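Colleague: Here's a sequence, model it:
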Amino acid sequence: MRVVVVGCGYVGLELARQLAARDHDVAGVRRSDAGLEAIEAVDEGVDAVRADATDPDSLGALPDADAVVFAASSGGRGAEAARAVYVDGLRNVVEEYGGRDRTPDRLVYTSSTGVYGDHDGAWVDEETPIEPTTEKTRVLAEAERVALEDAAEVGIDGTVARFAGLYGPDRYRLDRYLEGPVTAGYLNMVHRDDAAGAIRFLLETDRARGEPVVVVDDEPVEKHAFADWLADECEVDRPEKRSKEARIAAGDLSEAAERRIRTSKRCSNDRLRGLGYEFSYPTFREGYHDAIEAFRRTRE
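Modeller: I've put the predicted structure just below:
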């Protein structure tokens, strides 16, 4: 299978590594010299291609493909930057491939469980209507429509992979939870390797055409409980805790940040599990093992 990963960054590089290890033909797409060097370092069998999803004139460089994965990032910037990448950039890629004699069979767009909005701690899954509450998550919801509807119009079957909070190498963020204070709420997480692994699995098994799939591990966890577990495993004092009300009452949050704190839900992976995916890191306990061991070594 020939797979092109547009926006081959944190998850995309691991996806490229997994695909290449299983003898797929892979090309990673980035726009910067550093990005291209990162792709080249993955595997000698992974091609590095320079293109920018927000620049339609550059997309002629994209190789033909059986499947395209759109995993580009807006770099943590605001809603306007997010729209330029996730909506306009994705549409540019769909239009580029849709205009070719040979169109890809599949498209996977990496979205976020943030599109569900607030459910007061209740469980959500693929059947739950999305209710984005911030401008950025509304942009993500619009991009999902592009991936499913616009792609279908040009003969490409789209899949939306809704990632929970990503963690893994270089993104364990131990200090955030060990130093505190930690605000109440649920954490829905997925290790980077499983985020990439889920996409690889959906492509290889030809599953979830034309539909969303929630990509999250087995166990959403309350932030206070997670912080205490992490502190105990790292053999340090448990951090200070605070309620949502106390954090909001401090009065130093932006409107968007306050909405994020008020948002609470538990994301189910029953659909992904039912399709047959087996997690390398089924919960945070397995996923944080290496980070905890490394932390302990620094204190010896």
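Colleague: Strands of the stretch 1-150 of the chain, start to end?
Modeller: Secondary structure of the stretch 1-150 of the chain by DSSP state E, counting those that start in this stretch: the strands cover 2-6, 25-30, 46-50, 67-70, 106-112, 123-124.
Colleague: most packed of those strands?
Modeller: strand 67-70 (a mean of 29; mean count of other CB atoms under 10 Å). In short, each C-beta sits where N, CA and C put it, glycine included.
Colleague: Please work out the average pLDDT along it.
Modeller: Throughout strand 67-70, pLDDT has a mean value of 98.
Colleague: That one pairs with which strands, parallel or anti?
Modeller: If you go by DSSP bridges, strand 67-70 pairs up with strand 2-6 (parallel), strand 106-112 (parallel).
Colleague: Tabulate those (TSV), appending mean pLDDT.
Modeller: Below are the strands paired with strand 67-70 laid out as TSV (pLDDT from 0 to 100):
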stretch	mean pLDDT
strand 2-6	98
strand 106-112	97
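Colleague: Now render these as JSON lines, adding distance to Glu131.
Modeller: Below are those laid out as JSON lines (distance: least, CB to CB, whole Å):
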{"stretch": "strand 2-6", "distance to Glu131": "28"}
{"stretch": "strand 106-112", "distance to Glu131": "13"}
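Colleague: after the lowest-mean-pLDDT helix or strand in the chain comes which helix or strand?
Modeller: Among the helices and strands of the chain, helix 255-262 carries the lowest confidence by mean pLDDT, DSSP states H and E, at a mean of 77. Next along the chain after helix 255-262, taking DSSP states H and E as the criterion, comes strand 266-267.
Colleague: so how far is Val49 from Arg22?
Modeller: To Val49, Arg22 is 20 Å away according to CB to CB, to the nearest Å.
Colleague: Could you list the buried residues of the helix or strand containing Asp228?
Modeller: Asp228 is part of helix 223-234, with elements assigned from DSSP H and E. By neighbour count on 16 or more other CB atoms under 10 Å, the buried set for helix 223-234 is Lys223, His224, Phe226, Ala227, Asp228, Trp229, Leu230, Ala231, Glu233, Cys234.
Colleague: Export it to CSV, keeping only CA atoms.
Modeller: What follows is helix 223-234, C-alpha atoms only, in CSV (Å, rounded to 0.1, in the frame of the first residue of the first chain):
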residue,chain,number,x,y,z
LYS,A,223,-7.0,14.4,37.0
HIS,A,224,-6.7,14.4,40.8
ALA,A,225,-6.4,10.6,40.9
PHE,A,226,-4.0,10.6,38.1
ALA,A,227,-1.8,13.2,39.7
ASP,A,228,-1.7,11.3,43.0
TRP,A,229,-0.9,8.0,41.2
LEU,A,230,1.9,9.7,39.2
ALA,A,231,3.4,11.3,42.4
ASP,A,232,3.3,8.0,44.2
GLU,A,233,5.0,6.2,41.3
CYS,A,234,7.7,8.9,41.1
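Colleague: Can you pull out the low-pLDDT segments for the stretch 1-150 of the chain?
Modeller: Applying pLDDT under 70 to the stretch 1-150 of the chain flags residues 76-77.
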